[in-house]
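Chemist: I'll drop the sequence and a predicted model, then ask my questions.
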Amino acid sequence: MPLRYLLMLGLLLLAGCSRPALYEAKVYVFGTLADISVWGAEEKTARGAIDAVGADFQRMHHEWHAWEPGPLVELNTAIAAGRPTPVLPSIVPLIERSQQIYELSDGLFNAAIGRLLKLWGFQSSERPSGPPPTREAIATLLAAQPAMSDLELKEGVLYPSNPAVQLDFGGIAKGYAVELALARLRSFGIENAIVNAGGGLGVIGRHGDRPWRVGVRHPQGQGILASLEVHDGEHVHTSGNYERFREHEGLRYAHILDPRTGWPVDSITSCTVIGRDGTLADAAATALVIAGRDDWHRLAVKMGIKYVMLVGEDGTVYMNPAMAARVQFGEQTPRIVLGAEL
């Protein structure tokens, strides 16, 4: 689907009421519709801020896309050829953060496995069909051991040492983009806003006289699993297997791949993380899904994540007490397994 800038700015006022306005916009980026909402600002300021964020998102979409013609595709071509190459300034932080989080996550977050994602057909916004890759094809890619540690960045030039590396920032781009969007809104003097980029959001200030309140989607498609309040400067990211997958002969293969095995994760269907570092929260949500029931708590501690909620395939919710204190479930409270505090 080609990039479209779908800016729909509206002034929402209750009839006969002088309450502050809520200005909203939708922008198509990173394969989803991002929602930008600004509360209580003057109309001219809100319009200018939202226009600026929309333009930023368009640029990010072009510069960071791993599969459409652009700077990142060119960079991956250079890596495959083993050729040192200058890196676009906007991509440098994505490489640096991906390398940091690769180490922090014990390699479970690995932005270097683009070839594996393509093998499974998950590089496209269209749902793949047909049988999964052969075990031999997966094993061949894994044998090359692509890792973020195979890249060295010096003064804006990337020196690759493994041609099997293919960068795909799908597990981190939304978190970083939302961080940049909030910074842009603040530069316009915006004091209250929320930016939701489909599975990941961040907030500034409050929604009037209350905190921003958001819902966490049920990974089995049953509406909202839980809701929670989000405070100034916080980010909420959910990584789940409920939208992107492939099916063959009655089996569903989720898009979150374990870089150790090359196969989709099948025991955890979603993970929600709250943090003040949106980039880390985005990547951690993916890494903790891969860590699974047995290892999520250890890895969350190592990554410095304070609030975590995972949902298993059977609907069981795994979380730490701090997260349990923040979420409110709907009419049906699921089975909950509380881990130790993080």
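Modeler: Alright, I've got the coordinates.
Chemist: which helix in the chain runs the most residues?
Modeler: When the chain is parsed with DSSP state H, its longest helix is helix 278-303.
Chemist: which residues touch Val203?
Modeler: 182, 193-195, 212, 230-235 (Cβ atoms under 8 Å, 6 or more residues apart in numbering). For the C-beta atoms, the positions are set from N, CA and C on the backbone; glycine is no exception.
Chemist: quick one: contacts of stretch 206-220?
Modeler: 19-20, 22, 39-40, 192, 194, 196, 201, 203, 223-232, 236, 238, 240-242, 269-270, 272, 309, 311, 315, 327.
Chemist: apply 7 Å and report the result again.
Modeler: If you take Cβ atoms under 7 Å, 6 or more residues apart in numbering as the criterion, stretch 206-220 is touched by 20, 39, 192, 194, 201, 203, 224-231, 236, 238, 240-242, 269-270, 272, 311, 315.
Chemist: how about that stretch: buried residues?
Modeler: With burial defined by 16 or more other Cβ atoms under 10 Å, the residues of stretch 206-220 counted as buried are 206-207, 211-212, 214, 216-219.
Chemist: CA atoms only for it, dumped as CSV, please.
Modeler: Once non-C-alpha atoms are left out, stretch 206-220 reads as follows in CSV (Å, rounded to 0.1, in the frame of the first residue of the first chain):
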residue,chain,number,x,y,z
ARG,A,206,-3.2,14.8,30.6
HIS,A,207,-6.5,14.6,28.9
GLY,A,208,-8.2,17.5,30.6
ASP,A,209,-8.8,16.8,34.3
ARG,A,210,-7.7,13.1,34.1
PRO,A,211,-4.8,11.1,32.8
TRP,A,212,-4.9,9.6,29.3
ARG,A,213,-6.6,6.3,29.4
VAL,A,214,-6.0,3.5,26.9
GLY,A,215,-7.2,0.0,26.2
VAL,A,216,-5.0,-3.1,25.7
ARG,A,217,-6.4,-5.2,22.9
HIS,A,218,-7.3,-8.8,23.7
PRO,A,219,-4.9,-10.9,21.6
GLN,A,220,-7.6,-13.5,20.9
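Chemist: quick one: distance of it to the chain centre.
Modeler: 17 Å (Cα atoms, centre = their mean, to the nearest Å).
Chemist: go on, stretch 151-161?
Modeler: How far stretch 151-161 lies from its chain's middle: 25 Å, per Cα atoms, centre = their mean.
Chemist: how long is that stretch end to end?
Modeler: 6 Å (Cα to Cα, to the nearest Å).
Chemist: what's the average pLDDT for that stretch?
Modeler: In this model, stretch 151-161 has a mean pLDDT of 97.
Chemist: list the buried ones in that stretch?
Modeler: For stretch 151-161, burial by neighbour count (16+ other Cβ under 10 Å) applies to 151, 158, 160.
Chemist: ok, back up a step: list the contacts of the helix or strand that comes right after the longest helix of the chain.
Modeler: Next helix or strand after helix 278-303 toward the C-terminus (DSSP states H and E): strand 307-312. Applying Cβ under 7 Å, 6+ apart, the contact partners of strand 307-312 are 219, 225, 267-274, 288, 293, 296, 300, 317-320, 322-323, 326-327, 342.
Chemist: ChimeraX command for the buried members of those?
Modeler: Here is the ChimeraX command that selects the buried residues among the contacts of strand 307-312 (16+ other Cβ under 10 Å):
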select :219,225,268,269,270,271,272,273,274,288,296,300,317,318,319,320,323,326,327,342
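Chemist: give me every residue that touches Ala164.
Modeler: Contacts of Ala164 (Cβ under 7 Å, 6+ apart): 115, 144, 146.
Chemist: one more time with 6 Å
Modeler: Neighbour list for Ala164: 144, 146 [criterion: Cβ atoms under 6 Å, 6 or more residues apart in numbering].
Chemist: what do you get for the one 10 residues further on?
Modeler: In this structure, Lys174 makes contact with 30, 197, 200, 282, judged by Cβ under 6 Å, 6+ apart.
Chemist: what about those, which are in strands?
Modeler: Judged by DSSP state E, those include Gly200 as members of strands.
Chemist: strands of the stretch 151-300 of the chain, start to end?
Modeler: Listed in chain order, the strands found in the stretch 151-300 of the chain under DSSP state E, counting those that start in this stretch are 151-154, 157-160, 193-196, 200-204, 212-217, 224-230, 235-240, 245-248, 251-254, 268-275.
Chemist: low-confidence ranges, the stretch 1-150 of the chain, go.
Modeler: In the predicted model, the stretch 1-150 of the chain carries pLDDT under 70 at residues 1-20, 124-126.
Chemist: what pLDDT is listed against the closest residue to Val308 other than its chain neighbours?
Modeler: The shortest distance from Val308 to any non-neighbouring residue, by Cβ to Cβ, 6 or more residues apart in numbering, is to Ala300 (5.1 Å). What the model reports for Ala300 is a pLDDT of 97.
Chemist: any idea how far Asp209 is from Ala300?
Modeler: 33 Å (Cβ to Cβ, to the nearest Å).
Chemist: repeat for Glu136
Modeler: 61 Å.
Chemist: domain assignment for this structure?
Modeler: Domain segmentation of the chain under automatic domain parsing yields 1-66+191-210, 73-160, 211-342.
Chemist: Serialize those domains to JSON lines and add fields for distance to Val178.
Modeler: JSON lines is the format used below for the domains of the chain (distance: least, Cβ to Cβ, whole Å):
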{"stretch": "domain 1-66+191-210", "distance to Val178": "4"}
{"stretch": "domain 73-160", "distance to Val178": "13"}
{"stretch": "domain 211-342", "distance to Val178": "5"}
